[in-house]
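Visitor: fold the following.
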Amino acid sequence: MSINLAERRLAPHRVLVVDDEPHIRGMVSRALAAAGYEIESAGDGNAGLALALTGDYQLVILDLVMPLTDGRQVLGRLRAQRPEQTILVLSCLSDVTTKVACLDSGAKDYLTKPFSLDELLARVRVQLRGEHPAGDVIRSGHLVLDLGRMQADAGVGPVSLTRLEIMLLRELMEHAGESVTKGTLLASVWGIDFDPGSNVVDVCIRRLRSKLGFELIETVRGAGYRLAS
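Guide: Here you go, the predicted model:
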């Protein structure tokens, strides 16, 4: 069983995520990648500014409270050198003064933590002016996963999937022919450590089976799940 990650309709939007919290950075990056965006990330202001000034990104998602170089400094320097850059601030600072200052400094949007991933994705779509960014089409045998349209086709026509379903199915497809443990899926999709009492993986697997066919995903006793060959 093979996977073709190279097939593209158009180049996907490139997004830079700059946040010093590994959990937030990873969660946002995985959600955006599952939605079809091409992602790079940085864990501090210096690294984020260097990438933003040398790379070609349609959007920068920027935290404010970070080590080395504060996000507000990154915002100011980036806007001074690349005034056309679209920036969405994602911060725990919720006071009106900070929000207004960032928007006046050139940020296009401001979202406070804690936040909903669905709201973040909606705001990203607004900034990039596209409800369905073009992205990878992943193939594994007869199964086709269209990240841009958030659909999968197991041979009987396209079916719409949720963000988590896409992330879980993509992980299985990228390990086609191999068993993927529940702990690995929890970490890669939900961004959390293994919890033997959690059934979120099993619930998501059941939803995928109900949409795409029970035989699509095999349960490997004691080892996890595997995409059927």
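
Visitor: which positions in the host helix or strand of Glu218 come out as buried?
Guide: Per DSSP states H and E, Glu218 falls inside strand 217-220. Buried residues in strand 217-220, defined by neighbour count with 16 or more other Cβ atoms under 10 Å: Ile217. Backbone N, C-alpha and C define where each C-beta goes, glycine included.

Visitor: what do you get for stretch 153-167?
Guide: 154, 161, 163-167.

Visitor: quick one: residues in contact with the next helix or strand after the strand holding Glu218.
Guide: Remark: after strand 217-220, the chain's next helix or strand is strand 224-227, criterion DSSP H and E. Outside strand 224-227, the residues within contact range by Cβ atoms under 8 Å, 6 or more residues apart in numbering are 1, 140, 143, 172-173, 175-182, 184-185, 201, 205, 216-220.

Visitor: mind giving me the PyMOL command for buried ones among the residues you listed?
Guide: The following PyMOL line selects those of the contacts of strand 224-227 that are buried, judged by 16+ other Cβ under 10 Å:
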select buried, resi 140+143+172+173+175+176+179+180+182+184+185+201+205+216+217
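
Visitor: tell me which element the closest residue to Ser105 other than its chain neighbours is part of?
Guide: In space, and not counting its chain neighbours, Ser105 is closest to Leu75: 5.5 Å by Cβ to Cβ, 6 or more residues apart in numbering. Here Leu75, judged by DSSP H and E, is contained in helix 71-81.

Visitor: any low-confidence regions in this structure?
Guide: The model of the chain has pLDDT under 70 over residues 1-11, 129-136, 191-197.

Visitor: make it 80
Guide: 1-12, 126, 129-136, 147-149, 163, 187-198, 229 (pLDDT under 80).

Visitor: outline the domain layout of it.
Guide: The chain breaks down into these domains under automatic domain parsing: 14-128, 137-227.

Visitor: helices along the chain, start to end?
Guide: Using DSSP state H, the helices of the chain run over 22-34, 45-54, 71-81, 96-104, 117-128, 163-174, 182-185, 200-212.

Visitor: can you redo those helices as TSV with distance to Gly224?
Guide: What follows is the helices of the chain, written out as TSV (distance: least, Cβ to Cβ, whole Å):
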stretch	distance to Gly224
helix 22-34	19
helix 45-54	34
helix 71-81	39
helix 96-104	43
helix 117-128	24
helix 163-174	10
helix 182-185	5
helix 200-212	9
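
Visitor: quick check: which of these is buried the most?
Guide: Mean neighbour count (mean count of other Cβ atoms under 10 Å) peaks for helix 163-174 among the helices of the chain, with a mean of 22.

Visitor: can you give me how far it is from the chain middle?
Guide: Computed by Cα atoms, centre = their mean, to the nearest Å, the chain-centroid distance of helix 163-174 equals 11 Å.
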